[in-house]
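Novice: Any chance you could fold what I've pasted below:
(one chain, ligands or ions: 1)
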Amino acid sequence: MHKLCNVDVLGTEYTVEEHERKEDESLENADGYCDHTLCKCVVRIIEPDKNSLGNLEAYKKKVIRHELIHAFLTESGLNCEAEWATNEEMIDWIAYQFPKLLKAFTQVGAI
Ligand SMILES: [Zn+2]
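Specialist: Predicted coordinates:
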């Protein structure tokens with residue numbers, strides 16, 4: 001386990017950690033997860049091999065964004081009753097597109 005940082009999620013402090021799959025059963029079928037009961041987001045440590053993505057650092061950042069979006073939605077009270085807020089496709093879309101959204105919002109002075 002390697003702690004990357006702390007982050008404020010709507011007034012609740014979360015930690016962002018890297019774990020190896022072999023040390024964390026929750027990563028058995030995932031590259032990351034958000035545990036709101038422990039206020040932490042975890043990303044799997046991926047060692048590069050012949051089958052891995054070419055830019056693992058960019059992928060890791062996308063996974064962290066994805067898990068933090070879960071944290072923000074959960075801390076908003078939207079973790080189980082709101083179907084849209086637990087839709088993985090929507091969460092992944094935000095995680096992928098957020099850097100482009102931020103760039104556009106900044107470009108037009110809307111931030
Ligand atoms: Zn997810």
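Novice: quick one: the strands in the chain?
Specialist: Per DSSP state E, the chain carries strands over the ranges 2-9, 12-19, 32-35, 40-44.
Novice: Which one, of these, ends up nearest to residue 89?
Specialist: Of all those, strand 32-35 sits nearest to residue 89, with 15.9 Å by C-beta to C-beta. C-betas here are computed from N, CA, C, even on glycine.
Novice: in the closest one, what's buried?
Specialist: 32, 33, 34 (16 or more other C-beta atoms under 10 Å).
Novice: Pull the distance from that strand to the chain's centre.
Specialist: 7 Å (C-alpha atoms, centre = their mean, to the nearest Å).
Novice: one step back: how about the strands of the chain, which one is nearest residue 96?
Specialist: So among the strands of the chain, strand 32-35 is nearest, using C-beta to C-beta, at 14.0 Å.
Novice: so what's the residue nearest the centre of the chain up against?
Specialist: In the chain, the C-alpha closest to the average C-alpha coordinate belongs to residue 67, at a distance of 2.3 Å (C-alpha atoms, centre = their mean). Counting by C-beta atoms under 8 Å, 6 or more residues apart in numbering, residue 67 touches 16, 32, 33, 34, 41, 42, 43.
Novice: Try it again at 6 Å.
Specialist: By C-beta atoms under 6 Å, 6 or more residues apart in numbering, the residues touching residue 67 are 32, 34, 41.
Novice: closest to residue 81 among those residues?
Specialist: Nearest member of these to residue 81, counting by C-beta to C-beta, is residue 34, at 17.0 Å.
Novice: My read is that that closest one contacts residue 70, right?
Specialist: Yes: here residue 34 reaches residue 70: they are 3.8 Å apart, a contact under C-beta atoms under 6 Å.
Novice: burial of the nearest residue to residue 23 once chain neighbours are set aside, as a residue count?
Specialist: Leaving aside its chain neighbours, residue 23 sits nearest to residue 1 (6.6 Å; criterion: C-beta to C-beta, 6 or more residues apart in numbering). Number of residues near residue 1 (other C-beta atoms under 10 Å) recorded here: 10.
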